[in-house]
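>>> Take this sequence and fold it.
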Amino acid sequence: MKMSKHVPISVVIPSFNGENRLPDLLNALQVQSFKDFEVIVVVDGSTDGTIFLEERVWDLNLTWIKQPNAGRAGARNKGASMASGKVLLFLDDDTIPEQNVVARHLEYHQRSGNSVLVANLETRITDNEFQKFRHYLSQRWLDQLPLSTTSQIPTDNPFLTAAHFSIGSELFLEIGGFDNTLSDNEDYDMALRLTKKDIPIYFDRATKAVLQDHLDVRSYLVRLREYRTSYEDIVIRNKTPNLKVRYIYYEDLNPVKKWIYKMVCTNSMLRIMERPPTWIRIVPEPLRFRIYDLVITGYSNYFPNLKL
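Okay, the predicted model is just below:
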């Protein structure tokens, strides 16, 4: 570990077993248009060869911190505690930022007051059917937001992705950082705490990073089920009023919708999503993706105990 000189912005990267992901991120940071920043990688109990990446020569003001596994929240907090920048930019180790990302985050905080910037995180478009579907979901979410480059996220439906966001270091300390006791949804918990303190969260669609993860259908569903469970616990604990209802329960569906979800939530549909047969291409892509959406919603929300 080396100590970094004072810089205006610090990039904090938590990493668990990121040997195969981190190089792409670090390479992208080497070619950023803005150069006066530090990078802090927190190797969080990794059991792969991540530690050997430290031996490579990187054209970065780079600090490596190795610690026993503390989870994403603990790793981010550790990195933030070692940062010298007045702005903290958090990136997950499976992201690849565009060349202007560091500059755009810094510029935002230099012109804006006490607020948080969540930036665009795009799913990589590949020939894989499920990855195309995930990109479709990301675009559908974006379409719900104002067309302006930067827009405030509604306080009744707060959102924050810790995989790509920035916050002033003083504000980060003021709100207590991430909750180390949480193993999931720690970013949503932070979003609720920011909202309760009337600190605005903005979304910038023009500041982009690409998400490298390649979860398959079943792993994605497991992740969504975990997210759902932790979401409910966090909402109860934060006692945040006036939130939009994010989940509808199966019992509240009308009979027709219940029948539809039962029909599509089958192992046959999961296999089609995993390995699409040739004939599925006959179905127009928007309709295919709408059906996939029903499958994902059913398994993750209405039938969380149904075997995958």
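>>> List the residues that contact the closest residue to Phe16 other than its chain neighbours.
Nearest non-adjacent residue to Phe16, counting by C-beta to C-beta, 6 or more residues apart in numbering: Asp44, 4.8 Å away. Placement of C-beta: from N, CA and C, glycine included. Contact analysis of Asp44 by C-beta atoms under 8 Å, 6 or more residues apart in numbering lists Pro14, Ser15, Phe16, Gln67, Asn69, Ala70, Gly71, Arg72, Gly74, Ala75.
>>> Next step: those restricted to strands.
Within the contacts of Asp44, residues falling in strands by DSSP state E are Pro14, Ser15, Gln67.
>>> buried subset of the residues you listed?
The neighbour-count criterion (16 or more other C-beta atoms under 10 Å) marks Pro14, Ser15 among the ones in strands among the contacts of Asp44 as buried.
>>> Closest to Asp93 out of the ones in strands among the contacts of Asp44?
Ser15 (4.1 Å; C-beta to C-beta).
>>> can you count the residues close to the nearest residue to that closest one once chain neighbours are set aside?
With C-beta to C-beta, 6+ apart as the criterion, Ser15 has its nearest non-adjacent residue at 4.1 Å, and that residue is Asp93. Using other C-beta atoms under 10 Å, Asp93 has 26 neighbouring residues.
>>> what does Lys208 give?
Other residues close to Lys208 by other C-beta under 10 Å number 18.
>>> how close does it get to Leu121?
Lys208 sits 8 Å away from Leu121, going by C-beta to C-beta, to the nearest Å.
>>> do the same with Met263
From Met263 to Leu121 the distance is 33 Å (C-beta to C-beta).
>>> same thing with Ser169?
22 Å.
>>> before we move on, back to that, which secondary structure state does the residue nearest to Ser15 sit in?
On the three-state scheme (DSSP: H, G, I helix; E, B strand; the rest coil), Asp93 is labelled coil.
>>> Can you verify my assumption that it contacts Arg21?
Yes - using C-beta atoms under 8 Å, Asp93 is in contact with Arg21, at 4.9 Å.
>>> intersection of neighbour lists for those two?
Ser15.
>>> Give me the below-cutoff pLDDT ranges for the stretch 51-200 of the chain.
Of all residues in the stretch 51-200 of the chain, none has pLDDT under 70.
>>> Helices of that one, residue ranges please.
Listed in chain order, the helices of the stretch 51-200 of the chain (DSSP state H, counting those that start in this stretch) span 71-81, 101-111, 129-143, 169-174, 186-196.
>>> Turn those into a markdown table, including mean neighbour count and distance to Val39.
As requested, these are exported to a markdown table (neighbours: other C-beta atoms under 10 Å; distance: least, C-beta to C-beta, whole Å):
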| stretch | mean neighbour count | distance to Val39 |
| --- | --- | --- |
| helix 71-81 | 22 | 10 |
| helix 101-111 | 20 | 10 |
| helix 129-143 | 16 | 26 |
| helix 169-174 | 16 | 15 |
| helix 186-196 | 22 | 20 |
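>>> quick one: the residue nearest to Ser15 and Pro23, what's the gap?
Separation of Asp93 from Pro23 (C-beta to C-beta): 10 Å.
>>> Would you map the strands across the protein?
Using DSSP E, the strands assigned to the chain run over residues 9-15, 37-44, 61-67, 87-91, 95-97, 116-123, 150-152, 164-168, 201-211.
>>> I'd like to know which of the ones you listed is closest to Phe133.
Ranking those by distance to Phe133, with C-beta to C-beta as the measure, places strand 116-123 first at 9.1 Å.
>>> contact partners of that closest one?
Counting by C-beta under 8 Å, 6+ apart, 95, 101, 104-105, 108-109, 131, 134-135, 137-138, 142, 150, 153, 159-161, 163-167, 171, 194, 199-211 sit against strand 116-123.
>>> what about 6 Å?
The contact list for strand 116-123, computed with C-beta atoms under 6 Å, 6 or more residues apart in numbering, reads 108, 134-135, 138, 160-161, 163-167, 201-205, 207-211.
>>> Just the buried residues from the residues you listed, in ChimeraX please.
To isolate in ChimeraX the members of the contacts of strand 116-123 that are buried, counting by 16+ other C-beta under 10 Å, one can use:
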select :108,134,135,160,161,163,164,165,166,167,201,202,203,204,205,207,208,209,210,211
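>>> Run through the residues that contact the spatially closest residue to Asp92 that is not a sequence neighbour.
Distances taken as C-beta to C-beta, 6+ apart put Ala163 closest to Asp92, at 4.0 Å, once the chain neighbours are dropped. By C-beta under 6 Å, 6+ apart, the contact list for Ala163 reads Asp92, Thr95, Leu121.
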